[in-house]
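1. what follows is a predicted protein model with its sequence.
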Amino acid sequence: MSTDYAKLVDSLTPDIVERFTEAVETGKWPDGSALTESQRDNCMQAIMLYNARHNSSDEPFTISAQGEIQTGKKMRSDFEGQSSNDRLRQQGHTIDLKTIDNTDE
């Protein structure tokens, strides 16, 4: 992380991050003025950098301290056992994904 970004992240407070988050979600600053695309991008980057530094959660769709996006797929290893599809296959059942996806319609 460059020195400029490190200084930026160090200067952010939870209140500022909350305001940035609301601005990105609504497309407006608290005073009602619209965010530009550049401001939205900068806010999102600041939020991700802040979360990467301060967020120790491994919840899905958060940024880890290593800068990686946590997804539900990475957490599957936290759960013991087989998926229900794996259990059905082991019992001799056939899983037809076309029926499940309804992509033929």
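-> Perfect, I can see it now.
2. what segments of this protein are helices?
-> Counting by DSSP state H, the chain forms helices over residues 3-11, 14-26, 37-54, 72-75, 84-90, 97-101, given from the N-terminal end onward.
3. quick one: mean pLDDT for the shortest one?
-> The one in question is helix 72-75. Averaging the model's pLDDT scores along helix 72-75 yields 53.
4. least reliable of the helices of the chain going by mean pLDDT?
-> If the helices of the chain are sorted by mean pLDDT, helix 72-75 sits at the bottom with a mean of 53.
5. which of the helices of the chain is buried the deepest?
-> helix 37-54 (a mean of 16; mean count of other CB atoms under 10 Å). C-betas here are computed from N, CA, C, even on glycine.
6. and the angle for it with helix 14-26?
-> In terms of direction (axes from the mean of the first three to the mean of the last three CA atoms, to 10 degrees), helix 37-54 departs from helix 14-26 by 140 degrees.
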